[in-house]
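Student: Build me a structure from this.
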Amino acid sequence: MSRRAILVTGASSGIGLAITRHLAGQGHRVYAGARKPDDLAALAEIANVQPLRLDVRSADEVQAAVELITAQGQGLYGLVNNAGVGELGPLLGWSDAQLQRLFDINVYGPHRMTNAFMPLLLASRGRIVNIGSQGGSITSKYFGPYTMTKHALEAYTQALQLELAPHGVAVSIVQPGGVATRVGENAQGATQAHFEQTPEPLRAEALQVLAAMSKPAPPRSDEPESATNRKLSDPAIVCTAVQEALFSDRPSLRYMVGTEWEGNRVLHALLDKLLDANDGSSLHYPRERLIALLDEHLAARHSPAGDLRE
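Tutor: Residues are numbered from 1 along each chain as shown. Predicted coordinates for the structure are as follows:
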């Protein structure tokens, strides 16, 4: 594998830092975006890493990053859009400004970065990897705004892949489940504010949930995983998927990673959507026709020619 230049946003901690360390450890030149001086200083201590002051909401900082990387003369092969926030809270507990900020980071950020670096990525016939979430396929109470952004990122990624494939740039999305990072801790203050400002008729419920969140129970390793007994994965599984998306000869559009329980939860949600679409349309295909469609797609997926999305 030749050494490549790759930009990772949100590289100060968690998944972003793990991806940065992983790629840099393989000898790649990693431009690591972060906002805080202490984080930038820590990133500078990692071999093969060049830190960049980069807030994906700032057009000026994004443009400065483009100019710096262009001036280095190595070009840019990979863009990993990882920067994001994971605040939770009932939908009624979000103001317009708070929801706008969430979308500005989680959705407009990848769009802003991709547009700015497109000339370099086209020149290298490179790769774009968006870090999404299993929440791009499912949702639940209190996860509404966050999963809205991840659903949007799914649509963005798929449309971008269709548009750029003829021009030699591959696009993928990695969909982690629960990962052992500080994302929840980092968003704790904002999450608390959303629950505290939730009005009626959900106020009493929101305050009860908030009280329970202040005394979280550790996972019970001797019991099966469930919605109340989540078992977090190591960030290494995300790094493996990102590497595959960046360097595989035939990268997939989607890489779902996480525990078996999480994967089953997503598959069941997608099956429900399939049945809803079938029942709510003029089709009303019988079971046999649905099974035949599944077999057709499986055969196409495993054929040398590709799958039905292409």
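Student: got the contact list for G178?
Tutor: R230, K231, L232, S233, G258, T259, E262 (C-beta atoms under 8 Å, 6 or more residues apart in numbering). Just so you know, the C-beta spots here come from the backbone N, C-alpha and C atoms, and that holds for glycine as well.
Student: Recalculate using a threshold of 7 Å.
Tutor: R230, L232, S233, G258, E262 (C-beta atoms under 7 Å, 6 or more residues apart in numbering).
Student: what's it sitting at in phi/psi?
Tutor: With angles defined as degrees, to the nearest 10, G178 sits at phi -70, psi 130.
Student: So it versus E262, what's the distance?
Tutor: Distance, G178 to E262, using C-beta to C-beta, to the nearest Å: 7 Å.
Student: what do you get for L293?
Tutor: As judged by C-beta to C-beta, L293 and E262 stand 26 Å apart.
Student: Which one's more surrounded, the two?
Tutor: E262 (21 against 14; other C-beta atoms under 10 Å).
Student: Only alpha carbons, please: show the helix or strand containing the more buried one as CSV.
Tutor: Following DSSP states H and E, one finds E262 within helix 260-279. Output in CSV follows, covering the C-alpha atoms of helix 260-279 (Å, rounded to 0.1, in the frame of the first residue of the first chain):
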residue,chain,number,x,y,z
GLU,A,260,-24.7,-8.5,16.8
TRP,A,261,-27.6,-7.1,18.9
GLU,A,262,-27.1,-3.7,17.2
GLY,A,263,-26.9,-5.2,13.8
ASN,A,264,-30.1,-7.2,14.3
ARG,A,265,-31.9,-4.1,15.5
VAL,A,266,-31.0,-2.3,12.2
LEU,A,267,-32.0,-5.3,10.0
HIS,A,268,-35.3,-5.6,11.8
ALA,A,269,-35.9,-1.8,11.3
LEU,A,270,-35.1,-2.1,7.6
LEU,A,271,-37.4,-5.1,7.2
ASP,A,272,-40.2,-3.1,8.8
LYS,A,273,-39.6,-0.3,6.3
LEU,A,274,-39.7,-2.8,3.4
LEU,A,275,-43.0,-4.2,4.6
ASP,A,276,-44.4,-0.7,5.2
ALA,A,277,-43.4,0.3,1.6
ASN,A,278,-45.0,-2.9,0.2
ASP,A,279,-48.2,-2.5,2.2
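Student: what's in contact with that helix?
Tutor: By C-beta under 7 Å, 6+ apart, the residues outside helix 260-279 that reach it are Q134, S137, I138, G177, G178, E225, M256, H284, Y285, L290.
Student: Which helix or strand lies directly C-terminal to it?
Tutor: Downstream of helix 260-279, the next assigned helix or strand under DSSP H and E is helix 287-301.
Student: Give the buried residues for that next one.
Tutor: Under the neighbour-count criterion of 16 or more other C-beta atoms under 10 Å, helix 287-301 has nothing buried.
Student: quick one: buried residues of the one helix or strand Q158 maps to?
Tutor: According to DSSP H and E, Q158 maps onto helix 144-164. By 16+ other C-beta under 10 Å, the buried positions in helix 144-164 come out as 144-154, 156-157, 160-161, 164.
Student: which of those residues lies closest to A204?
Tutor: G144 (18.8 Å; C-beta to C-beta).
Student: For the helix holding Q158, report the contacting residues that lie outside it.
Tutor: Contacts of helix 144-164 (C-beta under 7 Å, 6+ apart): 86-88, 91, 94, 99, 102-103, 106-107, 110-111, 114, 128, 130, 132-133, 135-136, 139, 171, 173, 253.
Student: Please save the CA atoms from stretch 90-100 in PDB.
Tutor: Provided in PDB are the C-alpha atoms of stretch 90-100 (Å, rounded to 0.1, in the frame of the first residue of the first chain):
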ATOM      1  CA  PRO A  90     -37.000  15.100  23.300                       C
ATOM      2  CA  LEU A  91     -37.800  17.000  20.000                       C
ATOM      3  CA  LEU A  92     -39.800  19.600  22.000                       C
ATOM      4  CA  GLY A  93     -36.700  20.400  23.900                       C
ATOM      5  CA  TRP A  94     -34.800  21.800  20.900                       C
ATOM      6  CA  SER A  95     -34.800  25.400  19.700                       C
ATOM      7  CA  ASP A  96     -34.400  26.300  16.100                       C
ATOM      8  CA  ALA A  97     -30.900  27.500  16.800                       C
ATOM      9  CA  GLN A  98     -29.900  24.300  18.600                       C
ATOM     10  CA  LEU A  99     -31.100  22.100  15.700                       C
ATOM     11  CA  GLN A 100     -29.400  24.300  13.200                       C
END
